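[1] Provide a 3D model corresponding to the input given below.
(4 chains)
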2 protein chains.
Amino acid sequence: MKWKELEEEPCSMARTIGVIGDRWTLLILRECFLRTRRFEGFQSALGITRHLLAERLKKLVRQGILRRIPYQESPKRHEYILTQKGLDLYPIMMAIVHWGDTHMVDERGRPLLHQHRKCGKDFDPVMVCSECGEPLSAKEVHTHPGPGARSLPEKSAPAAASETRKTKTRSRAA
Amino acid sequence: MKWKELEEEPCSMARTIGVIGDRWTLLILRECFLRTRRFEGFQSALGITRHLLAERLKKLVRQGILRRIPYQESPKRHEYILTQKGLDLYPIMMAIVHWGDTHMVDERGRPLLHQHRKCGKDFDPVMVCSECGEPLSAKEVHTHPGPGARSLPEKSAPAAASETRKTKTRSRAA
DNA sequence: ATTTGACAGTTCTATTTTAGAACTGTAGGT
DNA sequence: ACCTACAGTTCTAAAATAGAACTGTCAAAT
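    Model (predicted):
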């Protein structure tokens, strides 16, 4: 499976990964959410090679996640700002940060805190069900094919470890 | 910046990306959440090369995201199941899937639907504030240094495109 | 008794990506 | 005239990934 094929898979996750699923892209987006907008800003904050940075920015622009807008003429200079599509990545970023805060911090604690302007408090992001508002966990979710499915078998979210099963887990195209 | 350095950055996002921030790892985890547990299952579902699959599974086990447990003796066989740390990745997975559902589906609609067992309905995941319960958006969040920070400057989440600023966005170590 | 197939890897080479550094080109300041 | 800021582009070397074949155990089939 190549990068291009990923974006054509009948799976929203595969498609999304095809767009943002590499190390640098995610870090570039982190910078975007931290208000970095310019080439040099990204480069010096991340230590990414200029070559890759240029390529990733182009890709993000192509994907409609960033917009490249001029901020001065002669020499022409642009900044990269998040589109709505890009801003919609926020829950992904927050989910990633929150997992890291929970499982990857050292003794010193969290590097960053997040304050919710509306209520004024430092918070954690919580993922809830759009229908009933209850927090979600993997075990309470049942996955089933939607209209865009391509012969995907019905499966449930995993439970805790069970003993030996003879189940054959083999199905979707290679 | 190499993979190893990533995990030592004073940023929960960088650390998390160091663990799960590559194409295949994320797809392997998708399979885990879809109940795949065995080597052949992952391999045939994803089309990943066996070499990489073996390596990624080892890494996930080392990181405590999967546990490798025997399901038969002679020949010794193991399955890979999500630990609690792994199950906690669920919000990340859901956030990724939801963004894809919103921005990457074709005419046919979503490949997969998610049903919440508690309320019985197909739902979307929504990220809310742990303190006030309101849905979160990037603009309403203010980021500031926590105890584990290392000279990270204070920054806010980005607003919509503004006009030319002379701001220098240059700060964190390269 | 020998062959075949399931399973879970490992090993090899070829290709693709990424790292690292230097170079291009406009323009402002000194 | 020279230096710096900025936003890239162009190289070569190193690392990661793809693709295919190989190893080894055991059960079932012939």
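[2] how much space between residue A:61 and residue A:128?
    Noted for residue A:61: a distance of 33 Å to residue A:128, by Cβ to Cβ, to the nearest Å. Just so you know, the C-beta spots here come from the backbone N, C-alpha and C atoms, and that holds for glycine as well.
[3] Settle it for me: which of those two has more neighbours?
    A count of neighbours by other Cβ atoms under 10 Å in any protein chain shown puts residue A:128 above the other of residue A:61 and residue A:128, at 20 against 15.
[4] low pLDDT regions in chain A?
    A:1-3, A:151-174 (pLDDT under 70).
[5] Now do the residue of chain A most remote from its centre against DNA strand C, distance only.
    Distance from the centre of chain A peaks at residue A:74, with 35.3 Å (Cα atoms, centre = their mean). Using Cβ to the nearest atom of the strand, to the nearest Å, residue A:74 is found at 3 Å from DNA strand C.
[6] And residue A:87, by the same measure?
    24 Å.
[7] what are the ranges of the helices in chain A?
    Assigned by DSSP state H, the helices in chain A fall at A:3-6, A:12-20, A:23-33, A:39-46, A:50-62, A:84-87, A:90-103.
[8] In a markdown table, list these along with distance to residue B:107.
    Below are the helices of chain A laid out as a markdown table (distance: least, Cβ to Cβ, whole Å):
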| stretch | distance to residue B:107 |
| --- | --- |
| helix A:3-6 | 19 |
| helix A:12-20 | 14 |
| helix A:23-33 | 26 |
| helix A:39-46 | 35 |
| helix A:50-62 | 21 |
| helix A:84-87 | 18 |
| helix A:90-103 | 24 |
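[9] Just confirm yes or no for stretch A:111-127 near chain B.
    Yes - shown here: stretch A:111-127 in contact with chain B (Cβ under 8 Å from any Cβ of the partner chain) through A:111-119, A:121-127.
[10] Put the buried members of the residues you listed into a ChimeraX selection.
    Burial among the residues of stretch A:111-127 next to chain B is assessed by 16 or more other Cβ atoms under 10 Å in any protein chain shown; the matching ChimeraX selection reads:
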select /A:111,112,113,114,115,116,118,122,123,125,126,127
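[11] now, which of the residues of stretch A:111-127 next to chain B lie within strands?
    Mapping the residues of stretch A:111-127 next to chain B onto strands (DSSP state E) picks out A:112-116, A:125-127.
[12] need the contact list for residue A:132.
    B:116, B:118-119, B:121, B:123 (Cβ atoms under 8 Å, 6 or more residues apart in numbering or on different chains).
[13] gap between residue A:36 and residue A:81?
    10 Å.
[14] Give me the more crowded residue out of those two.
    Set side by side, residue A:36 and residue A:81 show more neighbours around residue A:36, with 26 against 20, by other Cβ under 10 Å.
[15] Next to DNA strand D, which bits of chain A? Give me the list.
    A:1-2, A:38-41, A:49-51, A:54, A:57, A:75, A:77-79 (Cβ under 7 Å from any atom of the strand).
[16] Just the buried ones among the residues you listed, please.
    Looks like the residues of chain A next to DNA strand D have A:1, A:38-39, A:41, A:57, A:78-79 buried, using 16+ other Cβ under 10 Å.
[17] With respect to chain B, which of the residues you listed is nearest?
    Among these, residue A:41 lies closest to chain B (Cβ to the nearest Cβ), at 3.6 Å.
[18] nearest residue to residue A:70 other than its sequence neighbours?
    residue A:78 (5.3 Å; Cβ to Cβ, 6 or more residues apart in numbering or on different chains).
[19] for that neighbour, what are its contacts?
    With Cβ under 8 Å, 6+ apart, residue A:78 has these contacts: A:68-71.
[20] Check residue A:108 too.
    Residue A:108 touches B:147-148, counting by Cβ under 8 Å, 6+ apart.
[21] Report whether the expected contact of residue A:127 with residue B:126 is present.
    Yes - the criterion here is Cβ atoms under 8 Å, and residue A:127 meets it with residue B:126 at 7.1 Å.
[22] and residue A:72, what are its bridge partners?
    residue A:77 (DSSP bridges).
[23] what's the neighbour count on it?
    11.
[24] again with residue A:27
    24.
[25] Report the contact partners of it.
    A:46, A:48, B:13-14, B:17.
[26] Check residue A:93 too.
    Going by Cβ under 8 Å, 6+ apart, the list of residues near residue A:93 reads A:29-30, A:33, B:13.
[27] Likewise for residue A:65?
    A:19-20, A:29, A:82-83, A:85-86, A:89.
[28] And the residue nearest the centre of chain A?
    residue A:92 (4.2 Å).
[29] what sits against that one?
    Here residue A:92 is in contact with A:20, B:92, B:95-96, B:99 (Cβ under 8 Å, 6+ apart).
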